[in-house]
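Peer 1: coords please:
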Amino acid sequence: MKDCVNLLRSICIAAVLCGCGVRASRPRHDGKPPVGRSTEVGEQAPGSLELAPVAVQSCHQGTRILVLGSVGRRAILLDPGAGGGRRMIPLPAAATGVAVRGGLAYVTTSEPAGRVLAVDLDTGGMRAQWRVGHTPTSPVLSPDGRRLWVANRFDDAVASIELATGQVRMLPVVREPVALALSPDGRRLFVANHLPQPKPALDDENPCIAAEVSVIDTVQNCIIKNIELPSGSQGLRGLALSPDGRHVAVTHILSGYSRPTTRIAQGAMNRNAVTLLDAEALEWIDTVVLDDPNRGAANPWAVAFSGDGRRLLVTHAGTQELSVIDFPTLRERSAANPTPWIPPGARDLTMLAGIRRRVPLGVQGPRALLERAGVVYVPGFFSDNLAVVDLNAPEPSVRVAALQEPLRTTPARLGEQYFHDATLCFEQWQSCATCHPDGRSDALYWDLLNDGLGNTKDTKSLLMSALTPPLMWRGVRADAAEAVRAGIHHIQFAEPDPEQVQALTEYLRHMKAVPSPHLNAGVPETPQTQQAGCGKCHAPEVPRGSLTAAARRGKMLFEGKAGCATCHPHPTFTSGQTVDPGLGSGIPYDVPSLVEVWRTAPYLHRGEALTLRETITNFNFLQQRGRTKDLNEQELHDLLEYLQSL
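Peer 2: Just a heads-up that it's a prediction; the model follows:
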């Protein structure tokens, strides 16, 4: 406890020394997050890039705190032993996660050929690095420190590395793994899969679409079980194992995608939850709704247990809060109500009454947390500051320190912040990111007021949307600004603010595509054109691999024999038209861009096709979306390889 108190004092001193200041956190009530002076689009902000912290860890026997930045490509080491100083450690790429053992930090990077970097915390130098896969994250060390596991998000796989030899083994999991947790004995690894994997519906009226937690036997390197969460579970973010190894907690959105969307109160559209799993029996225990009856707790992200196991801690990235939950009492309440979770029962919104505190943090975008001896450290992804919450006092106290000098914020960055901010929504139930995690799809289908009821549709990724009007599946919005205004009104049940609309539109306009995992990441591709559209599609600062031989053949088919390029021409891969897709209804739909089509299953406007192959074969019986019936098996394979490379 003494170390934690000293650390809190040193962080406050460091903030004063660097001129940043420290203040008690106070939530804003005007619906607008605090920002610096905004720059014009394309204007270079002074100094370094924003830090955008994504992880926080203790090191050096708990006497220092390491805050890991993503966009800023650096880490900050806070050192109370040096009079409250701080040291910046540069990184060669944007970071995604960190594990610490002794004086080494194992840092994962956001790259198509992603790396694990072994960084010496004393010198800041790199001792070793390993290429492990596409966008590795959430590194976890074995108890003896000899093995490291990472979640390769866009490879849909978990990689294990033998640190002595550098041997890397891959194990496929369900879909977009984003968080890992290891049992105390190191024999079981729990994996949070971010999105549901499309499956055939149980029947038309009772579909079940839910994300899963995979369980890996680390000795045999195989999947023991995939534990399905309640229907509507999507957007999994955080995963934690209780200190006694008995319980797993995973944060996620609980979407009522099969219900009418005519109201938002009491979480009628989306609720925010943490699911508890039995880590020994590998069974679902309970799904606990984190919202209050009249106030949402949107976008739960990081989760952790206190060292003594008595508190369950959850950050809410949409409402800028920390939930502090009495875990033993929660388990007692859950055991006393053994009935399986049924939406939207009255018990769901009162489960935490009297046993949970919602602590405003004073940071924007709390996506990581660290607890040590009753003190919790939470960095702000958008605000580049650190909240220090002392839970040992009768009432939690919060102090906030800047991690670097404030920077001017671009309109696009501000729009990204608004996109993830649920305080703009009526009663804070959801943000734009609730249904569009990272600006993409939640893999569900909805019938929304935005374009009229009675036409259920698959959630579209918003990538390229601002560059390829019209918007919405039916093309009912002429441009991105109009779509943003309608979305705020019909989905967030709020009235749009012009400044927020402009910023959100700029965010959509500047979204960058993630290079496909089907590309040859080891052989970079030379840009074929300098057209502005291509620059938006293929982010210039992101290494992009080259097409495989099969994909090159598929490209020729796409542009020639199959006729796909008629509706999906380069560089945006959409004609911007609304056409009849040939599914029998005769209704015209917007032609979607195919950029990142490898990650947006299910397909077609109602999600009828579970795979790309089904899309171009089983659901193209009228040949109105390309002449795919004219292709032989090898040609179909090559065409699919090209589509999955976009």
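
Peer 1: the strands in the stretch 301-450 of the chain, which residues?
Peer 2: Assigned by DSSP state E, counting those that start in this stretch, the stretch 301-450 of the chain shows strands spanning 311-316, 321-326, 356-360, 370-372, 375-379, 385-390, 397-402, 445-446.

Peer 1: hmm, who's touching the first one?
Peer 2: Identification of contacts with strand 311-316 by C-beta atoms under 8 Å, 6 or more residues apart in numbering yields 238, 249, 251, 272, 274, 290, 297-306, 321-327, 330, 358, 361, 366-369, 371, 376, 378, 391. Backbone N, C-alpha and C define where each C-beta goes, glycine included.

Peer 1: and the shortest one, by the same measure?
Peer 2: By C-beta under 8 Å, 6+ apart, the residues outside strand 445-446 that reach it are 257, 261, 435, 456-459, 606-607.

Peer 1: from those residues, which land in strands?
Peer 2: When DSSP state E defines the strands, the subset of the contacts of strand 445-446 inside them is 457-458.

Peer 1: quick one: low-confidence parts of the chain?
Peer 2: The model of the chain has pLDDT under 70 over residues 1-48, 80-84, 201-206, 338-347, 526-543.

Peer 1: quick one, domains of the protein?
Peer 2: With domains defined by automatic domain parsing, the chain comprises 185-360, 410-511, 522-646.

Peer 1: quick one on the thing from earlier: helices - which of the contacts of strand 311-316 land there?
Peer 2: 327, 330 (DSSP state H).

Peer 1: so Arg86: helix, strand or coil?
Peer 2: Using DSSP: H, G, I helix; E, B strand; the rest coil, the structure places Arg86 in strand.

Peer 1: I figured it hits Arg74, correct?
Peer 2: No: if you go by C-beta atoms under 8 Å, Arg86 and Arg74 don't touch, sitting 11.3 Å apart.

Peer 1: can you check the distance spanned by stretch 362-382, start to finish?
Peer 2: For stretch 362-382, the first-to-last residue distance is 11 Å (C-alpha to C-alpha, to the nearest Å).

Peer 1: run the chain-centre distance for it.
Peer 2: 17 Å (C-alpha atoms, centre = their mean, to the nearest Å).

Peer 1: same check, this time on stretch 389-401
Peer 2: For stretch 389-401, the distance to the chain centre is 28 Å (C-alpha atoms, centre = their mean).

Peer 1: export it as PDB, just CAs?
Peer 2: Output of stretch 389-401 as PDB, limited to C-alpha atoms (Å, rounded to 0.1, in the frame of the first residue of the first chain):
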ATOM      1  CA  VAL A 389      -8.600   6.100  -8.100                       C
ATOM      2  CA  ASP A 390      -8.100   5.300  -4.400                       C
ATOM      3  CA  LEU A 391     -10.600   2.700  -3.400                       C
ATOM      4  CA  ASN A 392      -9.200   2.500   0.200                       C
ATOM      5  CA  ALA A 393     -11.100   5.600   1.300                       C
ATOM      6  CA  PRO A 394     -14.800   5.400   2.400                       C
ATOM      7  CA  GLU A 395     -15.600   7.200  -0.900                       C
ATOM      8  CA  PRO A 396     -13.400   6.600  -3.900                       C
ATOM      9  CA  SER A 397     -11.200   9.600  -4.600                       C
ATOM     10  CA  VAL A 398     -10.000  10.400  -8.100                       C
ATOM     11  CA  ARG A 399      -7.000  12.400  -9.200                       C
ATOM     12  CA  VAL A 400      -6.200  13.000 -12.900                       C
ATOM     13  CA  ALA A 401      -2.700  13.700 -14.300                       C
END
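
Peer 1: picking that back up, could you dump the domains of the chain into TSV with distance to Leu171 and mean neighbour count added?
Peer 2: Output for those, formatted as TSV (distance: least, C-beta to C-beta, whole Å; neighbours: other C-beta atoms under 10 Å):
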stretch	distance to Leu171	mean neighbour count
domain 185-360	6	19
domain 410-511	22	21
domain 522-646	20	17
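
Peer 1: let me have those in JSON lines, extended by distance to Ala402.
Peer 2: Below are the domains of the chain laid out as JSON lines (distance: least, C-beta to C-beta, whole Å):
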{"stretch": "domain 185-360", "distance to Ala402": "16"}
{"stretch": "domain 410-511", "distance to Ala402": "16"}
{"stretch": "domain 522-646", "distance to Ala402": "26"}
